[in-house]
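Visitor: fold the following, please.
(chains A and B)
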Protein chains: 2
Amino acid sequence: MSLRNIWLLSHGAQRHGGDPRVRALTAPILPSSSLGRALVNLSTNHYGLPKEKTSENGRVARAKVLTIDTMNPTVKNAKYAVRGPIVARAAELERELNEGMKKPFDEVIKANIGDAHAMGQQPITFFRQALAICSYPELLNDSTFPEDAKSRAYRILQSCGGNSMGSYSASQGIDSVRQDVARYIERRDGGVPSDPDNIFLTTGACDGIMTMLKLLVCGEGPTRTGIMIPIPHYPMYSATLVELAAVQVNYYLNEEKCWSVDISELKRALDEARHYCNPRALCIVNPGNPTSQVETRQCIEDVIRFAAKERLFLMADEVYQDNVYGHGCRFHSFKTVLFEMGPEYSNTMELVSFHSTSKGYMGECGFRGGYMEVINMDDEVKAELTKLLSVRLCSPVPGQALVDLVFNPPQPGEPSYDNFIKERTAILSALEEKAKLTEQVLNTVPGISCNPVQGAMFCFPRITIPEKAMIEATVRQIHQRQPDVFYCMKMLEEAGICVIPGSGFGQKEGTYHFRMTILPPIDKLQILLNKVKEFHQKFTQKYS
Amino acid sequence: MSLRNIWLLSHGAQRHGGDPRVRALTAPILPSSSLGRALVNLSTNHYGLPKEKTSENGRVARAKVLTIDTMNPTVKNAKYAVRGPIVARAAELERELNEGMKKPFDEVIKANIGDAHAMGQQPITFFRQALAICSYPELLNDSTFPEDAKSRAYRILQSCGGNSMGSYSASQGIDSVRQDVARYIERRDGGVPSDPDNIFLTTGACDGIMTMLKLLVCGEGPTRTGIMIPIPHYPMYSATLVELAAVQVNYYLNEEKCWSVDISELKRALDEARHYCNPRALCIVNPGNPTSQVETRQCIEDVIRFAAKERLFLMADEVYQDNVYGHGCRFHSFKTVLFEMGPEYSNTMELVSFHSTSKGYMGECGFRGGYMEVINMDDEVKAELTKLLSVRLCSPVPGQALVDLVFNPPQPGEPSYDNFIKERTAILSALEEKAKLTEQVLNTVPGISCNPVQGAMFCFPRITIPEKAMIEATVRQIHQRQPDVFYCMKMLEEAGICVIPGSGFGQKEGTYHFRMTILPPIDKLQILLNKVKEFHQKFTQKYS
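Guide: Numbering: from 1, shown residues only, chains lettered A, B, ... in the order given. Predicted coordinates:
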């Protein structure tokens, strides 16, 4: 857009005169990005500040202060495919369908994000009853609410300032909630002690992970902090590392061995990274996202030994610990294994484990509840962690309340117990069934191969993309499209299925995948899988 | 602690043998900070990694990976007095009182943080009824709940994925909530249009402010981004700027003119800063925190003119917009003034305004609800902002629901209207009364002078500290104590009153203040003020 056109726009705006509100309503907004960029590039003064630009006729057109070229480059460089252009296009398609546009499908099925309730899963009644009481304590007098929901809510409210969820909590989280979490961890880990002082309540697990990464990053150039993350990985990790200007150190999960962690691969990645950065932490996601593997006890022990030997801070993302379906698979917490390895490890190894209320059987993503447990953290660092958290005051108190309920659920003999177990079992059984169905159907499709869905809520099948399709993807470089992006965009446009291309999570060069959740109700999942199958066959045919 | 002692500790730990859980329960934790620091300082290899240390007898004592010396230095350097050592000591004193220890007071009165519910303010019934329904939608069938609470809750749930607050929302926030916020802004600003696409729901206002600051920071050395903030200021700003390694550019509020913003002071600060950084944004807090001034319309217009001329991105922190008590004071939003100044400004000036559900009459801090409205933001930057927010998935949905309720409250004719108005008026009238009482009582104390509390929830009186006290503070350099820290710590220990020293917010050199909230119930506030008075007199006497 030329400066003259800009002038015309602002000139047009001024013709209205009179009431500024009328002008505001009718005035066109100054055109944005491309203009701002052009002006900034042309015209910065000796402070690097954009100067005023005078157009042909002497009128002033202001360059924007904040443009894509003058914003924080680390934010710009971060990528986050889980909510990227494919998801945006899916929302657009939904709008188009609603407006009556004809499409080759009647609905968009979103299998892009682990959002159970959005896929129709019902909340656990007990949690919601207690949360309603916490919101509106008058319900303590309502005889239709069960006594255990009332007593839990009462206890939570007693721990809130002024007995209200509307008060800030302590920066680290409500005391009694942290106590309940610690007791839960002790039960889970067969008695390994947990200290409430080591529990920090967070805004979902992301918040905890981002906070820990922020604490760990220091140094410049070749001593810049490196963080080891799995490939494929959940892109919150890489996006955060880019934002923090930390070095991402990739270790590849072994697709041939059901996406498990290989110690030799950890060693390779670490040794290479030491030439250009200071690797300080190792992130493990177990069960895996997007890869859904459940690590064996032996593997965890080997990882701990490796991290101890190599002086790495261990970050265990264990948010899918309740989501284990694979035959013979069991969740082992890093902490239990660490303590079973004896004091040589348990007294020194720095470990932080993350958990959340968003996954598991509860799937309460919207409440942004979560916690982290830090083991063997330096006391001064712990004080700094608390200070860092205190700047954002506290994590949302309704989320903290939910954390309490999830980790202190109804017990045998309490009025809500039977229904709680019934609801939980139904959800976990359905997930198990869907995990098996997904693996089974996808593996019937030539050109798709899918590891067993051992845990979590995703599958990450490998797909064969014909060469012609790869060429077409390269030709159509609209969004720097990689072959798997091209494939997934086609699947969305032709079948109405929204999945995320493997390149959003990282994958070995020359291999292609997509991530799909197993969350839709079983009948819809069946439809989805058949559509994927059909699409893949057509796609392969078209480009062969 | 010597290496020998460390060895003894770990040796002691190993003597237990047998069940690792017993060992874990009895084993002492390896000593932390000072040790870690010493070891790291002594022993980094050529990658900057700590090497293993061998003690006298050949046993290995591991240095921690993460210590105060090896953590992120920007996090370490950030200060946040609102939850600092004085507040920690207050909590300790409360515990000591509960344990029956004798103190010169019966209770600790916390006037350190704007947390209304913690001070006994009751939630607005309508908000909590609707939130309870959102949590447990079965309540839609409960005849004791009013129809308007039900219809609001129903509308919110209809906008949630799977009709559940347990779903993630869009990164920017729930569509219908953003629509309601936009309509509220239009009503507030007498018809100036607001576009829901410019509304971003945030986790309290802090989240929005931190996010915008993060977007703005770039450059190195003399082109590093500078951000202009008021002194005194709410320390979330300075803490965030330190974390982002941005340059804090101080402009001083004019205490003699009721803490108002002076354009000449803005100009001075800016001109000086341009010698060493690239000042890109100007933050204004109106009504002020901790200074409680309400800016005049003329001042706001002058600030906008200044920012436009100097090419500064404007950040207007307007979270106290409902808290205006001063005689002749009125809240003017930056946006209204901007639009009244005509298209020369309204079409180009980049402005972001922040608001929250934590303050006002609702005081719902714990829900972490908030929004920001961006005006004239570059479209590409807006897309990057959305991406940045998407990495943390979404702000808490209960907080978003509360945002909706606060900005779309009961209307005349609806069943909850009368009670809502009654509750709101009672809270705001009490705050007004408390603002006046605070100013009045403090100004009766020789050595304390307090500007009128025009708005917000704080007073920030100036205190005269006798020279002897200043010397004693300097001698007792335990926590690098400044005279006002010494004063406030004494007030806490002797009178049980918890306030925050002015140095936590910044103040002109040689002046001393403290920040105190006006939130305690009126009878308790009266007690508090009398205790402050008595303490100040005794303190002055003692050190004169």
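
Visitor: is residue A:486 in contact with residue A:468, as I believe?
Guide: No: using C-beta atoms under 8 Å, residue A:486 is not in contact with residue A:468; the gap is 11.3 Å. For every residue, glycine as well, the C-beta is placed using N, CA and C.

Visitor: between the two, tell me which one has more neighbours.
Guide: More crowded of residue A:486 and residue A:468, by other C-beta atoms under 10 Å in any protein chain shown: residue A:486, with 24 against 11.

Visitor: so which strand or helix has the more buried one?
Guide: Assigning secondary structure by DSSP states H and E places residue A:486 in helix A:483-495.

Visitor: which secondary structure element is home to residue A:412?
Guide: Going by DSSP H and E, residue A:412 is not in any helix or strand.

Visitor: what is the neighbour count of it?
Guide: Residue A:412 has 7 nearby residues by other C-beta under 10 Å.

Visitor: can you check the pLDDT for it?
Guide: Residue A:412 carries a pLDDT value of 97.

Visitor: ok, it to chain B distance?
Guide: 24 Å (C-beta to the nearest C-beta, to the nearest Å).

Visitor: quick one, domains of chain A?
Guide: Here the domain parsing of chain A from automatic domain parsing is A:3-71, A:79-119+A:429-542, A:172-407.

Visitor: helix or strand for residue A:398, which one?
Guide: Residue-wise, residue A:398 maps onto helix A:397-407 under DSSP H and E.

Visitor: would you indicate which residues of the helix holding residue A:486 are buried?
Guide: By neighbour count on 16 or more other C-beta atoms under 10 Å in any protein chain shown, the buried set for helix A:483-495 is A:483, A:484, A:485, A:486, A:487, A:488, A:489, A:490, A:491, A:492, A:494, A:495.

Visitor: what's the helix or strand for residue A:384?
Guide: Taking DSSP H and E as the criterion, residue A:384 maps to helix A:379-391.

Visitor: output the domains of chain A as JSON lines; include the columns distance to residue B:227.
Guide: Output for the domains of chain A, formatted as JSON lines (distance: least, C-beta to C-beta, whole Å):
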{"stretch": "domain A:3-71", "distance to residue B:227": "12"}
{"stretch": "domain A:79-119+A:429-542", "distance to residue B:227": "26"}
{"stretch": "domain A:172-407", "distance to residue B:227": "15"}
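
Visitor: out of these, which is closest to residue B:418?
Guide: domain A:172-407 (27.8 Å; C-beta to C-beta).

Visitor: that older thread, could you say what helices and strands the helix or strand just after the helix holding residue A:398 packs with?
Guide: Next helix or strand after helix A:397-407 toward the C-terminus (DSSP H and E): helix A:417-442. On a contact count with 3 or more C-beta pairs under 8 Å, 6 or more residues apart in numbering or on different chains; DSSP states H and E, helix A:417-442 meets helix A:125-135, strand A:458-459, helix A:522-542.

Visitor: can you give me the angle helix A:417-442 makes with helix A:522-542?
Guide: Put simply, helix A:417-442 runs at 20 degrees to helix A:522-542, going by axes from the mean of the first three to the mean of the last three C-alpha atoms, to 10 degrees.

Visitor: what's the angle between helix A:417-442 and helix A:125-135?
Guide: Relative orientation of helix A:417-442 versus helix A:125-135 (the same axes, to 10 degrees): 120 degrees.

Visitor: what comes up buried for helix A:417-442?
Guide: A:417, A:420, A:423-424, A:427-428, A:430-432, A:434-439, A:441-442.

Visitor: tell me which strands and helices whichever helix or strand comes after that helix is in contact with?
Guide: Next in sequence after helix A:417-442, counting helices and strands by DSSP H and E, comes strand A:448-449. Helices and strands touching strand A:448-449, by 3+ C-beta pairs under 8 Å, 6+ apart, are strand A:462-463, helix A:522-542.

Visitor: chain B is nearest to which of these?
Guide: Nearest to chain B among the helices and strands packed on strand A:448-449 is helix A:522-542; the distance by C-beta to the nearest C-beta comes to 12.4 Å.

Visitor: next, the distance between the ends of stretch A:453-464.
Guide: Taking C-alpha to C-alpha, to the nearest Å, stretch A:453-464 runs 19 Å from one end to the other.

Visitor: for stretch A:322-338, what is the distance to the chain centroid?
Guide: On the basis of C-alpha atoms, centre = their mean, to the nearest Å, stretch A:322-338 sits 21 Å off its chain's mean C-alpha point.

Visitor: span of that stretch from start to end?
Guide: End-to-end distance for stretch A:322-338, by C-alpha to C-alpha: 20 Å.

Visitor: right, I'll leave it there.
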